[in-house]
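# predicted model follows, preceded by the sequence.
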Amino acid sequence: MERFNFSFNNLTFCDPNLSQGMIQTSFIGSTNNCPFAAKPNVQKGESVSKKKTGLKIGLTLAISMAFLLVALLVILVAMRGRRKSRTWATKQAAEPNLLDQGDSSTYVPVVMIDKPLMKMTLADLKAATLNFDSGALLWESKSGPTYEAVLPGGFRAALKVVSSGATLSDHEASVTFERLARINHPNLVPLSGYCIAAEQRIVIYEHLEYVNLHTLLHTADDDSVSWILRHKIALGTARALAFLHHGCIPPVVHGEVKSGTIFLDSSQEPQLAEFGLAKLLNEGLLGDLDGYTPTELEEHGSPTLESDVYSFGVVLLELVSGKKAEWDLVDWVRGKHSPFCEAGDRQALSVQPTGLPASKTH
């Protein structure tokens, strides 16, 4: 036998009769027993280097996969957001005003504050007003028209459709309505419910079948409006306004204090309606009130507590003079007041209420 190989077999013997060259090539790795056997040609440094290289490659792959996953997640979120935005834009374009829609109104809920078991939708409100027909119109103001309605269950209501273009989101409008519904005062018309339909906000009040102050003062026959009643109306309205300004935290700005928003109940107690709706309107929508603009409204561009007080002063002048607030009633009174101060003539003021005997004016 010319050649054999027992390398790396952990042999415990080594034949010394073999040649040194054969031992070196045939017993590699058996240096403990064969001093002349060659050591294995494997270096520790190379093994460590290979391990480090493998670790680096593994880390690089892991980091690359992590970045790839993050990128995919970002792309998915962006695509989902774009899809939602496109869907919302399509919906808005298709439904600019839910008051003009048909079947879609069935899915818009009505929230009744004091009657939570009374389930209604926008479709019920439309049916009760003949689709908000002008024949059901009670009155109209800067903040929007108000319609008479008999809701399911025989509930007589006044539906206020707040003008479109409100800046508040649906959630903000809902929070505002819930807060206004908690305001309770004998001289305030309470908010009974609401409906949020796209940009339209519909406020539901219990319908007062009695006349408002504007109609009472400016009809042809107003002999029943005595000084006692006028004083009662002024005092009750003042109490309502004081409660909004000082009894609520934060204070509530009415925004449209005028004879058209003051109603009388069966006891001829005044009740101020439509309070707090100014917050739902775009700035500048309540630019003037029945032909006059409070100074504070000109300065701030939106109703304030001070502009409410100014408007209440105009209501007082309307009560005393019997004249409509179609022009600047304040300037008219000032024009009558000046000669009165100079000449001392009581007849120059001419603010006797229409239809009342002269003896009741003193």
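Okay, I see it.
# when you work out contacts or count neighbours from here on, use the C-alpha atoms and nothing else.
OK.
# Lys142 and Leu73, how far apart?
49 Å (C-alpha to C-alpha, to the nearest Å).
# these two: which is more packed in?
Between Lys142 and Leu73, Lys142 has the larger neighbour count (other C-alpha atoms under 10 Å), namely 17 against 12.
# and that one, its phi and psi?
Phi and psi for Lys142, reported as degrees, to the nearest 10, are phi -60, psi -30.
# how near is it to Pro251?
From Lys142 to Pro251 the distance is 22 Å (C-alpha to C-alpha).
# go on, Pro186?
Distance of Pro186 to Pro251, computed by C-alpha to C-alpha: 18 Å.
# same question, Thr121
Counting by C-alpha to C-alpha, the gap from Thr121 to Pro251 is 32 Å.
# Phe132 against Ala149, yeah?
No: counting by C-alpha atoms under 8 Å, Phe132 stays clear of Ala149, with 9.3 Å between them.
# neighbour count: the two, which is higher?
Using other C-alpha under 10 Å as the criterion, Phe132 and Ala149 rank with Ala149 on top: 26 against 21.
# just confirm that one is within a helix.
No: using DSSP: H, G, I helix; E, B strand; the rest coil, the secondary structure at Ala149 is strand, not a helix.
# give the contact list for Leu264.
Leu208, Tyr210, Val211, Asn212, Leu213, Pro270, Gln271 (C-alpha atoms under 8 Å, 6 or more residues apart in numbering).
# how about the helices in the stretch 201-350 of the chain?
Listed in chain order, the helices of the stretch 201-350 of the chain (DSSP state H, counting those that start in this stretch) span 213-217, 227-246, 295-300, 305-321, 329-343.
# wait, Ser311 touches His254, no?
No: using C-alpha under 8 Å, Ser311 is not in contact with His254, being 10.1 Å away.
# if I look at His245, how far off is Lys324?
26 Å.
# and for Ser307?
Counting by C-alpha to C-alpha - Ser307 and Lys324 are separated by 19 Å.
# these two: who's more crowded?
Ser307 (23 against 19).
# just the pLDDT for the more buried one.
Listed pLDDT for Ser307 reads 88.
# same check on Gly276?
According to the model, Gly276 carries a pLDDT of 90.
# how about the contacts made by it?
Leu180, Val252, Val253, His254, Gly255 are the contacts of Gly276 under C-alpha under 8 Å, 6+ apart.
# which one is it nearest to, not counting chain neighbours?
Computed as C-alpha to C-alpha, 6 or more residues apart in numbering, the closest residue to Gly276 that is not its neighbour in sequence is His254, at 4.8 Å.
# give the contact list for that neighbour.
His254 touches Leu241, Leu244, Glu274, Phe275, Gly276, Leu277, Ala278, Pro303, Leu305, Asp308, counting by C-alpha under 8 Å, 6+ apart.
# and for the first one, the neighbour number?
So the one you mean is Leu241. For Leu241, the tally of surrounding residues (other C-alpha under 10 Å) stands at 24.
# and the gap between it and Glu256?
11 Å.
# domains of this structure?
1-41, 104-206, 213-361 (automatic domain parsing).
# any idea how far Leu217 is from the residue nearest to Gly276?
From His254 to Leu217 the distance is 22 Å (C-alpha to C-alpha).
# what sits against Arg230?
Per C-alpha under 8 Å, 6+ apart, neighbours of Arg230: Leu319, Val320.
# need the contact list for the closest residue to Phe312 other than its chain neighbours.
Leaving aside its sequence neighbours, Phe312 sits nearest to Val257 (C-alpha to C-alpha, 6+ apart; 6.1 Å). Val257 sits next to Leu272, Asp308, Ser311, Phe312, Val315 when contact means C-alpha under 8 Å, 6+ apart.
# switch the cut-off to 7 Å
Neighbour list for Val257: Asp308, Ser311, Phe312 [criterion: C-alpha atoms under 7 Å, 6 or more residues apart in numbering].
# can you list the residues you listed in TSV and add neighbour count?
Below are the contacts of Val257 laid out as TSV (neighbours: other C-alpha atoms under 10 Å):
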residue	neighbour count
Asp308	22
Ser311	21
Phe312	20
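# between those residues, which is nearest Ala66?
Using C-alpha to C-alpha, Asp308 is the member of these that lies nearest Ala66, at 61.4 Å.
# surely Asn212 meets Asp265?
No: here Asn212 does not reach Asp265: they are 9.4 Å apart, not a contact under C-alpha atoms under 7 Å.
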